[in-house]
Each structure stands twice: as C-alpha cells, then as structure tokens.
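[1] Mind folding the following:
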Amino acid sequence: METRMTPDTVNRPRTVEQVVQGTATSDGAGVKLTRVLMPHLQQRLDPFLMLDVFRSDEPGDYLAGFPDHPHRGFETVTYMLAGRMRHRDSAGHEGLLQNGDVQWMNAGRGIVHSEMPEQEDGLMEGFQLWINLPARHKMDAPGYRDIPHAAIPAYTAPEGAVVRVIAGQSNGVKGAVHRETTEPVYLDIQLPARSAFVTAIPSSHNAFVYVYRGALQVGGRLVESGRMAVLDSDAQADGVRLVAVEEPAGAILVAGKPLREPIVQYGPFVMNSREEIYQALADFREGHFS
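    Model prediction:
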C-alpha cells in the first residue's frame, strides 16, 4: 500500500552504542534460529524483550515448527519475509502468515498457541519480536491480529529506499499498528546500493537496527549483515541515518518508549515479580489460559 511521504528533518542522527552478533540456538520442536536480543539487553532496550531471526532453505531446520506453548505478559510480533506459517491459538484464532505478512499477538493474561510451517521445502525467513506489556495491562484479555502484506503502509524515500511501516510513524506515514504506552516503531527498509535513508524517532525511545541484507553505515559505523546496532540514547538526537555501502541492503529499525518496570521472565512468561511468575505457572497447569 504505497503512501505519499513527508520528509522528516533530522539534524542529529543517533550513533551506534554497540554492535551485537546473535547466538545460534533452537526453539519450539527444534527450529534453528538466531537469538539477537537476549536477556542481558532487556533493560537496555526496554520495552523489547527478544528478537529471533530465522532464515533457512533446509526443511530440517524448520519443519518441526512450534507446537502448542503458552505465553503471558507481553506481545509477539511475527514478520514473515518468505515462507508460510500457520497460527492457531486457544482463543479460537487462526491465520496463515505468508511473504510480507505480520502477526501481532497480545498474550495478555494467557494464551496457548502454535506456529507450524505450511511448506515442505523452500526458504523460510523472518523475525519474531517480543514487546513487554505495562504492569496494568499484563492481565488484559489476549488479542490477535493478522496484517496482510497489502495492508502495511509503504513509501519510497527520496534516494530510493522502500520502507514498510509496520508500526508507529516514519516520514509522515502512519503504520499499521499503534500502541499508546510503548509507542513502538517498526520499519522494514530496503535501500539501493550507496543510497541514504533518514527518519525521525523520538529521543525518548530506545532503538536498534538489525541488518539482514548487505551492509549499512549507521551513524557513521559499519554494520554488516546479521548484526544488530544498538543506538545511543542521546537526548539531543532526533533520528536515524542509514547508508547502504557497495550493494543493496535490507534492515529493520525498531524503537519504543521504555516502561521502566521490573522485568521477571521465566521462559514464555514475563511479569513484574516472582510471585506473578508462580501464579502464571499455576494458572497454566490448572488450565486457566484462554
């Protein structure tokens, strides 16, 4: 859904505080993936809890999928670049994610769901991002939304970057999803070789860039494919500037307003205290999730 843009003015782009290389791991029933945002970065990148990256054309890496498993206390955002993944959950929702689609799920007080491939070969590629919920909303009713590729606003920047605005706002284009408390920004940015892209983001937000194709200069620092650049929190900075180097590049830019609340995680449950984790475990065992 191509939308007319209004260029942002960025006078002081953010610099890179650190570059992070993810850790190869597996999850679900043995799906191979790379975990980029790990627990030691949760406070630094509050409200974001986890970023998993998956990319493989080997069926054995993904066919087992993610059978039924619970969540409580946060949101999951699954963005498929390539492949087919079926979602089903205990609240009666079901949907098929395909190339360019997004699933935004609010686990709230508890949900059990599965994510299973609907392909036997070919490339499976995408991201899953976890976003924390504020304490006052952790026990809300769960919710779910499928966002097809065609419903995600997109625009072409002056130097040719094609930007999909999944959440928040960029260069005057409002995204498909908005959240009042964490105010997430989630952009997928495709840059031609040797082109630049600029967007404003609030100085109050924590932010990172994950490069999944090519290489980018981010705030003057080279960030290669498969690396996450944690952006600084300079209160005077008003945006981000990305420059593709010798070849086209692709990246996601994610930013959000921190909650500044305690984070207590036990596997698929993220609450504010150990007591709330114990209660989540008891509620799950007793079948109280939706």
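
[2] from here on, contacts and neighbour counts on C-alpha atoms
    Will do.

[3] would you list every one of the strands in the stretch 151-290 of the chain?
    Counting by DSSP state E, counting those that start in this stretch, the stretch 151-290 of the chain has strands at residues 154-156, 162-167, 169-170, 173-174, 185-191, 196-200, 206-213, 215-218, 221-224, 227-231, 239-244, 249-256, 264-266, 269-271.

[4] correct me, but Pro290 touches His113?
    Just so we're on the same page, residue 290 is Ser rather than Pro. No: using C-alpha atoms under 8 Å, Ser290 is not in contact with His113, being 9.9 Å away.

[5] Could you name every residue contacting both of those two?
    Listed as contacting both Ser290 and His113 by C-alpha atoms under 8 Å, 6 or more residues apart in numbering are Ser90.

[6] Would you mind telling me which of those two has the busier surroundings?
    His113 (22 against 18; other C-alpha atoms under 10 Å).

[7] what residues are up against that one?
    Neighbours of His113 in contact, by C-alpha under 8 Å, 6+ apart: Pro67, Asp68, His69, Pro70, His87, Arg88, Asp89, Ser90.

[8] ok, of the residues you listed, which come out buried?
    Asp68, Pro70, His87, Arg88, Asp89 (16 or more other C-alpha atoms under 10 Å).

[9] Quickly list what the second one is bridged to.
    The residues paired with Pro70 through beta bridges, assigned by DSSP bridges, are Val112.

[10] Next one: it from Ser204, what distance?
    To Ser204, Pro70 is 32 Å away according to C-alpha to C-alpha, to the nearest Å.

[11] Kindly report the same for the last one.
    Using C-alpha to C-alpha, one gets 35 Å for the distance from Asp89 to Ser204.

[12] where exactly do the helices run in the chain?
    274-285 (DSSP state H).

[13] which residues of it score low on pLDDT?
    Along the chain, no part satisfies pLDDT under 70.

[14] which residue is nearest the middle of it?
    Central residue of the chain (C-alpha atoms, centre = their mean): Leu129, 3.4 Å from the mean position.

[15] OK, contacts around the closest residue in space to that residue that isn't next to it in sequence?
    Computed as C-alpha to C-alpha, 6 or more residues apart in numbering, the closest residue to Leu129 that is not its neighbour in sequence is Leu51, at 4.6 Å. By C-alpha under 8 Å, 6+ apart, the contact list for Leu51 reads Arg35, Val36, Leu37, Met38, Phe127, Gln128, Leu129, Trp130.
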